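> Test case, fold it:
(one chain, ligands or ions: 1)
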Amino acid sequence: MKKSPKQACTIQYIPESSAVYSAFYHLIVVQFEKCVPTEPKLKLSRKLDMLSNSKSIDDLLLTPGYVESPYEVFDLLRTEAPVYWSEKWNGWVLTRYDDVLNVLKDFKRLSNGGRYTEYLSTLATDELAQLTYLQNHYERGGLVQADPPSHNRLRKLIGNAFTPRMVNEMGRLVSQISDDLIDSFVGMPEVELIYNFAFALPATVIAGMLGVPIEQRDQFKDWSAAIQRFLGTGKVDFQSALEAQEAWRNMNDFFTQLLLDRTSHPQEDLISGFVQSYEEGERLTKEEIIGTCGAMLVAGHETTTNLISNAIWLLLQDQEQLKQLKENPSLYPSAIEEFLRYESPFQCLPRTLREDVEIDGIRMRKGQLVYAMLGAANRDPCQFDNPEQLDLHRENNKHLAFGYGVHFCLGAPLARLEAHIAIQTLLERLPQMQLDQNRPPDWKRSMVQRGMESFWLCIRS
Ligand code: HEM
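Purely as a prediction, here's the structure:
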């Protein structure tokens with residue numbers, strides 16, 4: 001596909017008389033009046049409110065409309081301001097596929113370390129003084145915050161315990177949990193899918209793998225939700241930072257106890273595997289194990305929840321592709337990649353600049369934050385034909401939903417397996433399920449997670 005010439009302007013404000021304003025207005029009106037004629041009126045008016053009440057792209061980045069559907073804003077940024085400085089997010093927002101890919105490849109200049117210190121830096125000094133535990137937690141490193149070469153060592157030691165064989169063996173268990181969860185609501189007229197299935201399945205799986213008792217599942221949901229709220233606010237706020245700090249403190253205390261127990265009484269679980277993992281004279285430290293367990297628990301369920309529920313939401317709006325998938329299960333692998341591309345569960349990866357980097361003549365300064373927008377890259381027309389079209393047959397789908405390079409998602413095989421089994425089991429066991437027209441999905445108010453807080457379905461056959 002021919003790539004369009006790269007554009008280099010940064011736009012701070014959109015005057016009502018400008019071509020950009022009218023293009024954006026047109027985009028929204030066309031989309032909602034022509035392409036999605038059944039869209040409820042309320043949603044359309046909310047979108048238009050979002051536009052008319054906002055004077056700059058920066059304002060748009062924090063609106064409820066952005067959260068509901070960020071794609072119009074992504075299009076606008078990608079075409080008009082692909083290297084965009086956001087005051088609100090206190091960082092550079094990159095929306096083109098090539099730029100996002102280059103950022104993820106370039107771990108030498110764009111680091112995973114120091115991101116949350118910079119993210120917190122807009123808070124007042126007295127507020128920061130109350131957040132030392134949170135800052136220390138993120139500065140301690142651990143797999144997700146580390147850069148090579150220390151990242152290589154951690155990834156190897158963790159990979160020794162979290163093996164492909166372990167994931168392959170999960171298939172039967174995932175099917176069993178899916179069936180049990182569906183048994184608990186099948187026959188009812190309606191169900192709220194997130195809590196009763198899309199969250200419960202991956203949370204049960206990852207908690208079980210780590211050796212966390214099932215009774216703790218709701219507790220973990222609350223901790224994880226507090227952490228995600230903090231990361232997803234865009235403009236950090238003190239209250240959400242305090243709540244995230246409390247959640248990390250509780251989670252770390254919990255894993256400290258579990259680690260003590262497994263050190264003396266090893267079991268067939270991941271935390272025992274981490275204790276025993278050994279490579280070239282190296283072992284994981286206690287802090288590294290605790291940090292990894294927390295990261296896996298948080299990273300490992302919410303994203304998969306989003307993937308499963310977003311997929312069902314997309315399929316129920318496209319009866320033709322739903323029929324194709326039901327008739328031809330060999331479509332599942334490409335369908336899952338397409339769900340990941342089209343509604344990427346993780347929308348945005350932050351990095352810190354270790355040195356000045358220039359893109360299109362725009363200089364990003366050492367120490368600043370860069371947001372690599374996976375959700376925008378995955379809809380870039382320079383990379384994907386008809387990116388706005390969900391196409392379960394899509395070939396050569398090089399989406400970035402699991403990231404790229406050294407930090408490529410360690411749980412990708414597990415997420416794919418869970419999504420396949422979950423979606424197929426739901427479609428087979430609830431053949432009549434439909435969207436509940438009276439209760440539209442409630443999207444998470446997050447710039448990071450693309451998923452729903454609640455999602456009601458009518459399921460009576
Ligand atoms: C649909 C589901 C999932 C999505 C979309 C997803 C997405 C991602 C992304 C984008 C990254 C890259 C982070 C970065 O570059 O900074 C990542 C890393 C990671 N993911 Fe996932 N993830 C999913 C499921 C899982 C599951 C089920 C697990 C756990 C079993 C998991 C564990 C991890 C870990 C440990 C990392 C850090 C890897 C590293 O830093 O080397 N993820 N994930």
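> Which residue is the nearest non-sequential neighbour of Leu134?
Of all residues not flanking Leu134 in the chain, Gln245 sits nearest, at 3.9 Å (Cβ to Cβ, 6 or more residues apart in numbering). The way it works is simple: take the backbone N, C-alpha and C, and place the C-beta from them, glycine included.
> cool, Leu284 as well?
Distances taken as Cβ to Cβ, 6+ apart put Leu157 closest to Leu284, at 5.0 Å, once the chain neighbours are dropped.
> Count the neighbours of that neighbour for me.
Leu157: 23 surrounding residues under other Cβ atoms under 10 Å.
> circling back to that earlier point, mind checking the backbone torsions on the residue nearest to Leu134?
Main-chain torsions, Gln245, degrees, to the nearest 10: phi -60, psi -50.
> how about the nearest residue to Glu355, chain neighbours excluded?
Spatially, and ignoring its direct neighbours in sequence, Glu355 is nearest to Lys366 (5.1 Å; Cβ to Cβ, 6+ apart).
> quick one, what contacts the one you found?
Leu353, Arg354, Glu355, Asp356 (Cβ atoms under 8 Å, 6 or more residues apart in numbering).
> So which residues on the stretch 1-150 of the chain come close to the ligand?
Proximity of the stretch 1-150 of the chain to the ligand, by Cβ under 6 Å from any ligand atom, involves residues Asn112, Leu143, Val144.
> can you tell me which helix or strand Asp99 belongs to?
Assigned by DSSP states H and E, Asp99 falls within helix 97-105.
> Packing partners of that helix?
Applying 3 or more Cβ pairs under 8 Å, 6 or more residues apart in numbering; DSSP states H and E, one finds that helix 97-105 makes contact with strand 348-353, strand 369-373, helix 374-377.
> The ligand is nearest to which of these?
Relative to the ligand, the nearest member of the helices and strands packed on helix 97-105 by Cβ to the nearest ligand atom is strand 348-353, separated by 4.9 Å.
> Helices of the stretch 151-300 of the chain, start to end?
164-168, 171-183, 193, 200-210, 217-232, 238-264, 270-276, 286-316 (DSSP state H, counting those that start in this stretch).
> In the last one, which residues are buried?
Taking 16 or more other Cβ atoms under 10 Å as the neighbour-count basis, helix 286-316 is seen to contain the buried residues 288-315.
> Considering only those residues, which also neighbour the ligand?
Taking Cβ under 6 Å from any ligand atom, the overlap between the buried residues of helix 286-316 and the neighbourhood of the ligand is Ala295, Met296, Ala299, Gly300, Thr303, Thr304, Leu307.
> dump the residue contacts of the third one.
For Ala299, the residues meeting the contact criterion (Cβ under 8 Å, 6+ apart) are Val144, Cys409, Gly411.
> Then the first one?
Listed by Cβ under 8 Å, 6+ apart, the contact partners of Ala295 are Gly142, Leu143, Val144.
> same deal with the last one?
The contact partners of Leu307, taken as Cβ under 8 Å, 6+ apart, are Ile336, Phe339, Leu340, Pro345, Ala415, Ala419.
> In CSV, list the residues you listed along with pLDDT and neighbour count.
As requested, the contacts of Leu307 are exported to CSV (pLDDT from 0 to 100; neighbours: other Cβ atoms under 10 Å):
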residue, pLDDT, neighbour count
Ile336, 98, 22
Phe339, 98, 25
Leu340, 98, 27
Pro345, 97, 26
Ala415, 97, 24
Ala419, 98, 25
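> Make TSV out of these and add distance to Tyr278.
Below are the contacts of Leu307 laid out as TSV (distance: Cβ to Cβ, whole Å):
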residue	distance to Tyr278
Ile336	35
Phe339	38
Leu340	34
Pro345	33
Ala415	27
Ala419	33
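> Go through the residues you listed and flag which are in helices.
Among the contacts of Leu307, the residues falling in helices (DSSP state H) are Ile336, Phe339, Leu340, Ala415, Ala419.
> These also near the ligand: which ones?
Ala415.
> Mind picking the two most distant members of the ones in helices among the contacts of Leu307?
The span of the ones in helices among the contacts of Leu307, defined through Cβ to Cβ, is set by Phe339 and Ala415 at 10.9 Å.
> Now the stretch 301-450 of the chain against the ligand: closest residue?
Closest to the ligand within the stretch 301-450 of the chain is Gly411: 2.0 Å, counting by Cβ to the nearest ligand atom.
> now that residue, nearest residue through space, not along the chain?
In space, and not counting its chain neighbours, Gly411 is closest to Gly300: 5.3 Å by Cβ to Cβ, 6+ apart.
> what sits against Gln267?
The neighbourhood of Gln267, defined by Cβ under 8 Å, 6+ apart, consists of Gly211.
> which of the contacts of Ala295 tops the neighbour count?
Counting neighbours by other Cβ under 10 Å, Gly142 leads the contacts of Ala295 with 23 neighbours.
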